[in-house]
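Q: Build me a model from this:
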Amino acid sequence: MRIVGGEWRRRLLRFPDAAGLRPTPGRVRETLFNWLGQDLNGLSCLDLFAGSGALGFEAASRGAAKVVLVESARGVLAALEENHKMLGASERLEIVCSDAVKFASLTALRFDVLFLDPPFNQGWIDRLAPLLPRILTGDAVIYAEAERMLESCGEWRIARHGKAGQVHYHLMQRDK
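A: Alright, predicted model coming up:
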């Protein structure tokens, strides 16, 4: 999989075959970063179900000040570490081995952008929604992928929506 834009544009990321791993396709990532703006300078981003790391590495490539990738699968984690090392992402990018709910419950960090692409049909979004206000800034946005169209994610409502194959993708903003 290739990074679509920014500093590491066209760089190839490698990741293992793993059950349920669905890297966000390049055209969807391109749409997402058109929605967010190409320049993420100064923003902190959380990729809560990192998987391939496509969204987190893309955000770091586009200048995010801090990107945290959270993943619980050890084999996938090793691939994230290898890609991190290959890109020379230094301190801008941090990889954390943790369950998403545990991380969201315990972290003291706050983020401007949340990438939320959990395994489908397991209720992750509903479990995480109550925890999001404590880890997201007041004007944070959420990018979520799901097996169905989402109406909301806690206090966040759909600003934009698209569909690619069986995947619904959403950009959400907090109710004002």
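
Q: contacts, neighbours, all on C-alpha from now
A: Noted.

Q: helix/strand/coil for Ala79?
A: Recorded secondary structure, Ala79: helix (DSSP: H, G, I helix; E, B strand; the rest coil).

Q: Pull the number of nearby residues for it.
A: Neighbour count for Ala79, taken as other Cα atoms under 10 Å: 18.

Q: Just the endpoints, please. Distance across stretch 87-94?
A: In stretch 87-94, first residue to last residue: 13 Å (Cα to Cα, to the nearest Å).

Q: Where does pLDDT dip in this protein?
A: 16-23 (pLDDT under 70).

Q: Going along the chain, name the strands of it.
A: 44-47, 66-71, 93-97, 111-116, 136-146, 152-153, 156-164, 167-174 (DSSP state E).

Q: What pairs with the shortest one, parallel or antiparallel?
A: Each strand that pairs with strand 152-153, with its direction, by DSSP bridges: strand 156-164 (antiparallel).

Q: and the spatially most central residue of the chain, what does it touch?
A: Centroid check for the chain by Cα atoms, centre = their mean gives Phe115 as the closest residue, at 2.7 Å. By Cα atoms under 8 Å, 6 or more residues apart in numbering, the residues touching Phe115 are 45-49, 55-56, 142-144.

Q: If we use 7 Å, what do you get?
A: 46-48, 55, 142-144 (Cα atoms under 7 Å, 6 or more residues apart in numbering).

Q: Go through these and name the one nearest Trp35.
A: Taking Cα to Cα as the measure, Trp35 sits nearest to Tyr143 out of the contacts of Phe115, at 10.0 Å.

Q: Please name the residues that touch the nearest residue to Asn83 once chain neighbours are set aside.
A: Leaving aside its chain neighbours, Asn83 sits nearest to Leu13 (6.1 Å; criterion: Cα to Cα, 6 or more residues apart in numbering). By Cα under 7 Å, 6+ apart, Leu13 lies in contact with 1-2, 83.

Q: out of the residues you listed, which is most surrounded?
A: That'd be Asn83 among the contacts of Leu13, by other Cα under 10 Å, with 20 neighbours.

Q: if I look at that one, how far off is Leu32?
A: Distance from Asn83 to Leu32, by Cα to Cα: 22 Å.
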